[in-house]
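Visitor: 3D model of this:
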Amino acid sequence: MTRSLLLGILAIAATLGGHYAAGIASSPKAPKGAAQDQVEVIKLEPISAPVIRDGMVAGYVIARISIAVPVDEAKVHKDLLIAFAGEAVFRAIYTDSSFNFSEMRAVDLSEISRRVVEFANKRLRTPAVREAVIESLNFVSQAEVQARRAK
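Guide: From the prediction side, this is the model:
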């Protein structure tokens with residue numbers, strides 16, 4: 001009787017142990033650097049930058065951009081990231097002389113994204129901004145702005 005009881009307990013323990021071991025072996029393990037690889041996408045408010053040509057305002061570029069930053073940085077410094085990334089977007093557009101909409105040629109969006117990341121990280125003094133995604137980029141001429149004001 002005692003022997004049967006001990007064999008039953010052993011069988012139950014073996015079954016539970018095997019089930020537990022199988023669960024551990026089959027569960028996916030995150031790599032050590034996985035927490036660092038997770039990013040949060042932060043959408044910035046639309047930013048407008050004047051386009052100045054020949055000493056006059058030719059119009060405004062209106063950009064909608066999102067930035068990808070590590071999750072841990074976003075939790076701690078989200079407001080600072082938004083402020084410096086917004087400034088970086090403005091600088092990248094304002095200082096870019098290739099915005100010549102009178103010729104209607106394509107703008108190198110990858111170069112603008114690269115410059116936004118570079119300017120933001122330089123200002124933050126850390127490589128916190130991993131990527132900048134341009135959602136929209138529009139130009140409003142000064143004539144259109146004045147026509148809308150007249151209405």
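
Visitor: Tell me how far residue 42 lies from residue 144.
Guide: According to CB to CB, to the nearest Å, residue 42 stands 30 Å off from residue 144. (Glycine included, C-beta is placed from N, CA and C.)

Visitor: The two: who's more crowded?
Guide: The neighbour count for residue 42 versus residue 144, taken as other CB atoms under 10 Å, is higher for residue 42 (16 against 12).

Visitor: roughly how far is the helix or strand that one falls within from the heart of the chain?
Guide: Per DSSP states H and E, residue 42 falls inside strand 39-43. Relative to its chain's centre, strand 39-43 lies at 4 Å (CA atoms, centre = their mean, to the nearest Å).

Visitor: name the helices or strands packed onto that strand?
Guide: Helices and strands touching strand 39-43, by 3 or more CB pairs under 8 Å, 6 or more residues apart in numbering; DSSP states H and E, are strand 56-70, helix 71-94, strand 131-141.

Visitor: same thing but at 7 Å, please
Guide: Secondary-structure packing of strand 39-43 (3 or more CB pairs under 7 Å, 6 or more residues apart in numbering; DSSP states H and E): strand 56-70, helix 71-94.

Visitor: Tabulate those (a markdown table), appending mean pLDDT.
Guide: Below are the helices and strands packed on strand 39-43 laid out as a markdown table (pLDDT from 0 to 100):
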| stretch | mean pLDDT |
| --- | --- |
| strand 56-70 | 92 |
| helix 71-94 | 92 |
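
Visitor: Export those to CSV and append columns for mean neighbour count.
Guide: What follows is those, written out as CSV (neighbours: other CB atoms under 10 Å):
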stretch, mean neighbour count
strand 56-70, 19
helix 71-94, 18
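
Visitor: dump the residue contacts of the nearest residue to residue 136 once chain neighbours are set aside.
Guide: Once flanking residues are discounted, residue 136 sits nearest to residue 64: 4.4 Å by CB to CB, 6 or more residues apart in numbering. Contacts for residue 64 (CB atoms under 7 Å, 6 or more residues apart in numbering) come out as 46, 135-136.
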